[in-house]
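Student: pasting the structure only:
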């Protein structure tokens, strides 16, 4: 095995363990220039062994969602920044609907200093986080609990959430298409996310920038249904234009 082949194998192992890594991190770790690392990433991505993202590379993402633990590891610092920025736009005393997601969990953590929030969620993880603050009321939807991420899905969860009308809906998704569609994988989860959009006066999408252009099978809605997007890095011009045309505010963490 030559030097490049060894580096490629080590690179795939490194990304598999972390879920995602920036070009800068990979260049430092493997002691190569960013240009060399980009070439390695392009070669492995073309072979379908990793996936290119803006500013880095991650585990392959096709039409199926990746494991919750892998998703949680990807863009962790970015998700924390997104969560803190989103929380700054939530006033104390507000009512919220929060759906399943590793980024929405970071929003929940960032909201722990808020007082007198009324929170409805279909995520046991979000509920557990929010319940740490005794000044906040937390309501959990009923339904089927998914083992992989402790999300509550199904028609009963959808019907339960439909009974509410809240100030802010906070949602995470799996992908954004070039036509402005916001996408996810599980149709049961999508039904709940749609209901959150319909039941909220303001809808905040929290997502790392790797979701722009990422494929997923089920349509949640359209960017134009959102109030604001919170993400972690400047978007390419075509995505920025799409967001502007949809009339959505864009906040960068």
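Tutor: Good, I have the coordinates. Just so we're clear, the structure is a prediction, and the values are computed from it rather than from any experiment.
Student: strands paired with the helix or strand where residue 202 lies, and their directions?
Tutor: Residue 202 is located in strand 200-206, with elements delineated by DSSP states H and E. When pairing is defined by DSSP bridges, strand 200-206 lines up against strand 166-171 (parallel), strand 228-231 (parallel).
Student: Turn these into a markdown table, including mean pLDDT, distance to residue 142 and mean neighbour count.
Tutor: Heads up, the C-betas are built off the backbone N, CA and C, glycines and all. Formatted as a markdown table, the strands paired with strand 200-206 follow (pLDDT from 0 to 100; distance: least, CB to CB, whole Å; neighbours: other CB atoms under 10 Å):
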| stretch | mean pLDDT | distance to residue 142 | mean neighbour count |
| --- | --- | --- | --- |
| strand 166-171 | 98 | 18 | 24 |
| strand 228-231 | 98 | 29 | 24 |
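Student: out of the ones you listed, nearest to residue 141?
Tutor: strand 166-171 (12.9 Å; CB to CB).
Student: Tell me the gap between the next helix-or-strand element following the closest one and the middle of its chain.
Tutor: Remark: after strand 166-171, the chain's next helix or strand is strand 175-176, criterion DSSP H and E. A distance of 10 Å separates the C-alpha centroid of strand 175-176 from that of its chain, computed with CA atoms, centre = their mean, to the nearest Å.
Student: same thing with stretch 227-235?
Tutor: Worked out by CA atoms, centre = their mean, stretch 227-235 lies 11 Å from the chain centre.
Student: Against which helices or strands is whichever helix or strand comes after the strand holding residue 202 packed?
Tutor: Using DSSP H and E, the next helix or strand after strand 200-206 towards the C-terminus is strand 218-222. Judged by 3 or more CB pairs under 8 Å, 6 or more residues apart in numbering; DSSP states H and E, the packing partners of strand 218-222 are strand 181-184, helix 187-198.
Student: picking that back up, flag every buried residue along the strand holding residue 202.
Tutor: 200, 202-206 (16 or more other CB atoms under 10 Å).
Student: what's the single longest helix in the protein?
Tutor: Longest helix in the chain by number of residues, with DSSP state H as the criterion: helix 3-18.
Student: just checking, what packs against it?
Tutor: With contacts defined as 3+ CB pairs under 8 Å, 6+ apart, the packing partners of helix 3-18 are helix 23-30, helix 34-46.
Student: right, and the helix or strand after the longest one?
Tutor: Sequence-wise, the next helix or strand beyond helix 34-46 is strand 51-53, with elements assigned using DSSP H and E.
Student: And that next one, what's buried?
Tutor: Burial within strand 51-53, assessed by neighbour count using 16+ other CB under 10 Å, is assigned to 51, 53.
Student: Name the strands paired with that strand and say parallel or antiparallel.
Tutor: By DSSP bridges, strand 51-53 pairs with strand 56-58 (antiparallel).
Student: what mean pLDDT would you report for the strand it pairs with?
Tutor: On average, the pLDDT along strand 56-58 is 79.
Student: thinking again about what came up before, considering the helices and strands packed on helix 3-18, which stretch scores lowest in mean pLDDT?
Tutor: helix 23-30 (a mean of 88).
Student: Columns pLDDT on top of the buried residues of strand 200-206, output as CSV?
Tutor: Output for the buried residues of strand 200-206, formatted as CSV (pLDDT from 0 to 100):
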residue, pLDDT
200, 98
202, 98
203, 98
204, 98
205, 98
206, 98
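Student: closest to residue 103 out of the helices and strands packed on helix 3-18?
Tutor: helix 23-30 (20.1 Å).
Student: and for that closest one, what are the contacting residues?
Tutor: Contacts to helix 23-30, defined as CB atoms under 8 Å, 6 or more residues apart in numbering, come from residues 7, 10-11, 14, 21, 33-34, 36-38, 41, 55-57.
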